[in-house]
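Colleague: Predicted structure and sequence below. I'll ask about it afterward.
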Amino acid sequence: MWWEKVLKVDPRIIYLVMILCIAIPLIKPLGLPLSIVETTKQAFEVVEALQPGSKVLMSFDYSPGGAAELDPIARALVMHFLQKNLRVYAVTSVAEGTMYAQKNMAIYADAGKIYGEDFVVLGYFAGGENAVAALSENLRSVFKSDIHGSPIDQIDMMQEVKSVRDMDLVVSVNVGPGGAATADVWVRQVAVVYRDVPVILGMTAVMTPNCMPYLQSKQIKGLLGGLRPAAEYELLLQQPGPAVAMMDAQSAAHLTILIFIVLGNIAYFATKSKDK
Amino acid sequence: MKNDIGTITAAVLTIITLSSVFTKKNPAFDVVQSMFLGVAAGHAFVVNVGIIQNSGWQPIVQGDLMSLIPFTLGVLVLSRLFPKMSRLSRTSMAVIGATGAALGLRGALQAEIVEQVAATLVPLNSFNNLVMFVGVFSALTYFLFSRKMTKVFLENNVLKYVPEVGKIVMMVALGASFGNAVMGRLSLLIGRISFLLNDWLGL
């Protein structure tokens, strides 16, 4: 009788329990341990190996739909770039990506870095794969000015760069098929064409299994897929931030789902054997 | 608690969106859904007009006549809006399609075939390499559709299990994808609840 009730439980109760299981750790963090996986260490080491002043082309290829997963990745990377004193060229292939580029580059501005010398926001480029190929060969063929309308030839840090060849690292934090230039595009048009320039991809968890072969075949040098690697990256930086705070909620939610799956299966088999 | 209009608006819209799972018919959710589409379309329109102005129109005005070619091709795409003139867009579409295909092919062969095959040719001197070899080989045999080869595999008492192993390997891969999809969707929910609790209410 009890198991039959479990099988017929109102889905709204499950939603409510799930929301509570997420909300409680966000209000009062549980401090669950978090191990750091090899792929995250690999990406961290690539950035760590760069010399101060190195140039990074960073593409914020995501919109609000993927921001919950991707913004913590972008933030952790930008924090590391700041720590290493790297120069960042921010671009985006998604129309809404400009606001995330500006938001994350504000970390640089707040740290006293100078716009145009230490970082620049070139903004949105339309055209997907064709545009990625074009900007890789010649940044000026795609960008005539930055987001403030200043001609790029008048920006100090643009004097030293013509193409991706002049960069020391290329990063795309990528929402996937919803975005104009997918992670595959960055591999096809940058990673295999400009082999001397390491590429790191940040992506949603759902894209990770599809893109893992690019890392295993060493076409890309780092892969950060989803919220967990963002949290691990914050721990490697020794600067726990929003991703670490959210991981407790993530673990609690996973545990709740597992409990529901086990309960559902027990109820199913218990009622099935009773029917027989 | 943050009282600025932007945060309050975002919080109210988030609550209305989440409320849709607790009610069957929710007109407020319909309004928010339409607002989302409207705002996204409006934002994309404004951003793209800016792109046309900065990358298309301004260079022409400043005397860069070469920019006339892509600009004209771009204008011709709009002829699709007028059925009688729509064939003018074919040239533009052909240029876009052909360059896209050529560029895609350039990297795709290298990134998705040559490099992947090379990365699979590994010495069988570790457990990981062995698993990868068995996984790739058995999964490939599942897709042997030629009658002759299928016969070789299905009529042999040992080989007939190879495609079955491949099927299990693919199920494991799809399971990993699904697990990651669940994790990703939860992250989105966590992101919104975190916004409500931490950014809005300041808890």
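Modeller: Here it is on my side, so go on.
Colleague: So what's the residue count around A:Ser59?
Modeller: Neighbourhood size, A:Ser59 [other C-beta atoms under 10 Å in any protein chain shown]: 29. (Glycine included, C-beta is placed from N, CA and C.)
Colleague: which residues sit in contact with it?
Modeller: A:90-93, A:97, A:170-174, A:181, A:186 (C-beta atoms under 8 Å, 6 or more residues apart in numbering or on different chains).
Colleague: what about stretch A:143-153 and chain B, touching?
Modeller: Yes. If you take C-beta under 8 Å from any C-beta of the partner chain as the test, stretch A:143-153 does meet chain B, through A:144-145, A:149.
Colleague: Same question for stretch A:120-137.
Modeller: Yes. Counting by C-beta under 8 Å from any C-beta, contacts between stretch A:120-137 and chain B involve A:124-126, A:128-130, A:133.
Colleague: Counting only helices, which of these make the cut?
Modeller: A:128-130, A:133 (DSSP state H).
Colleague: out of those, which is most surrounded?
Modeller: A:Ala133 (24 neighbours).
Colleague: any residues touching stretch A:73-80, and which ones?
Modeller: A:44, A:47-48, A:58, A:60, A:62, A:88, A:100, A:104-105, A:107-108, A:171, A:173, A:200, A:202, A:224, A:229-230, A:233-234, A:237, A:239, A:241-243.
Colleague: could I get that stretch in CSV with only the CA atoms?
Modeller: Provided in CSV are the C-alpha atoms of stretch A:73-80 (Å, rounded to 0.1, in the frame of the first residue of the first chain):
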residue,chain,number,x,y,z
ILE,A,73,34.5,28.8,-15.5
ALA,A,74,35.1,32.1,-17.2
ARG,A,75,35.5,33.9,-13.9
ALA,A,76,38.0,31.3,-12.5
LEU,A,77,40.1,31.6,-15.7
VAL,A,78,40.1,35.4,-15.6
MET,A,79,41.1,35.3,-12.0
HIS,A,80,44.0,33.1,-12.9
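Colleague: tell me the contacts of the spatially closest residue to A:Ser54 that is not a sequence neighbour?
Modeller: Sequence neighbours aside, A:Asp168 is the residue nearest to A:Ser54 in space, at 3.8 Å (criterion: C-beta to C-beta, 6 or more residues apart in numbering or on different chains). Contact analysis of A:Asp168 by C-beta under 8 Å, 6+ apart lists A:50-51, A:54-56, A:86, A:197-198.
Colleague: ok, back up a step: just put the residues of stretch A:143-153 next to chain B in a markdown table and tack on neighbour count, secondary structure and pLDDT.
Modeller: Listed next are these as a markdown table, based on neighbours: other C-beta atoms under 10 Å in any protein chain shown; DSSP: H, G, I helix; E, B strand; the rest coil; pLDDT from 0 to 100:
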| residue | neighbour count | secondary structure | pLDDT |
| --- | --- | --- | --- |
| A:Lys144 | 19 | coil | 85 |
| A:Ser145 | 17 | strand | 88 |
| A:Gly149 | 10 | coil | 86 |
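Colleague: residues of stretch B:190-203 that come out buried?
Modeller: B:190-197, B:200 (16 or more other C-beta atoms under 10 Å in any protein chain shown).
Colleague: is it anywhere near chain A?
Modeller: Yes. Interface with chain A: stretch B:190-203 contributes B:190-194, B:197-198, B:203 (C-beta under 8 Å from any C-beta).
Colleague: now stretch B:68-80
Modeller: No. Contact of stretch B:68-80 with chain A (C-beta under 8 Å from any C-beta) is absent, the minimum separation being 10.0 Å.
Colleague: Excluding its own residues, what touches that stretch? List them.
Modeller: By C-beta under 8 Å, 6+ apart, stretch B:68-80 touches B:52, B:56-57, B:60, B:85-89, B:91-93, B:95.
Colleague: on that earlier part again, and the contacts of stretch A:73-80, which of them are in strands?
Modeller: A:58, A:60, A:88, A:171, A:173, A:200, A:202, A:224 (DSSP state E).
Colleague: filter the residues you listed down to the ones close to chain B.
Modeller: Answer for the ones in strands among the contacts of stretch A:73-80 near chain B: none qualify (C-beta under 8 Å from any C-beta).
Colleague: now the contacts of A:Ser59 in CSV, with neighbour count?
Modeller: Shown next, in CSV, are those (neighbours: other C-beta atoms under 10 Å in any protein chain shown):
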residue, neighbour count
A:Ala90, 27
A:Val91, 26
A:Thr92, 29
A:Ser93, 27
A:Gly97, 28
A:Val170, 24
A:Val171, 30
A:Ser172, 30
A:Val173, 34
A:Asn174, 29
A:Ala181, 26
A:Trp186, 28
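Colleague: just so I have it, where are all the helices in the stretch 1-150 of chain A?
Modeller: For the stretch 1-150 of chain A, applying DSSP state H, counting those that start in this stretch gives helices covering A:2-7, A:11-27, A:38-48, A:64-84, A:97-110, A:128-137.
Colleague: Just the buried positions in stretch B:181-188, please.
Modeller: So for stretch B:181-188, counting by 16+ other C-beta under 10 Å, buried means B:183-188.
Colleague: for those, which one is nearest B:Ala44?
Modeller: Nearest to B:Ala44 among those is B:Leu188, at 20.9 Å by C-beta to C-beta.
Colleague: got a list of what the residue nearest in space to the middle of chain B touches?
Modeller: Against the mean C-alpha coordinate of chain B, by C-alpha atoms, centre = their mean, the closest residue is B:Ala181 at 13.2 Å. For B:Ala181, the contact set (C-beta under 8 Å, 6+ apart) comprises A:205-206.
Colleague: Does A:Trp186 touch A:Ala131 like I think?
Modeller: No. Counting by C-beta atoms under 8 Å, A:Trp186 does not reach A:Ala131; the two are 11.8 Å apart.
Colleague: just for the stretch 1-150 of chain A, where's the confidence low?
Modeller: Filtered on pLDDT under 70, the stretch 1-150 of chain A yields no residues whatsoever.
Colleague: For chain B, what's its nearest residue on it.
Modeller: A:Ala68 (2.5 Å; C-beta to the nearest C-beta).
Colleague: roughly how far apart are the closest residue to that residue other than its chain neighbours and A:Met246?
Modeller: Counting by C-beta to C-beta, 6+ apart, B:Gly191 is the residue found nearest to A:Ala68 once chain neighbours are left out, at 2.5 Å. For B:Gly191, the distance to A:Met246 (C-beta to C-beta, to the nearest Å) stands at 7 Å.
Colleague: which residues make contact with the helix or strand bottoming out on mean pLDDT in chain B from outside it?
Modeller: Scoring the helices and strands of chain B by mean pLDDT, DSSP states H and E places helix B:147-154 at the bottom, with a mean of 73. Residues outside helix B:147-154 that contact it (C-beta under 8 Å, 6+ apart) are B:141, B:144, B:159-160, B:162-163.
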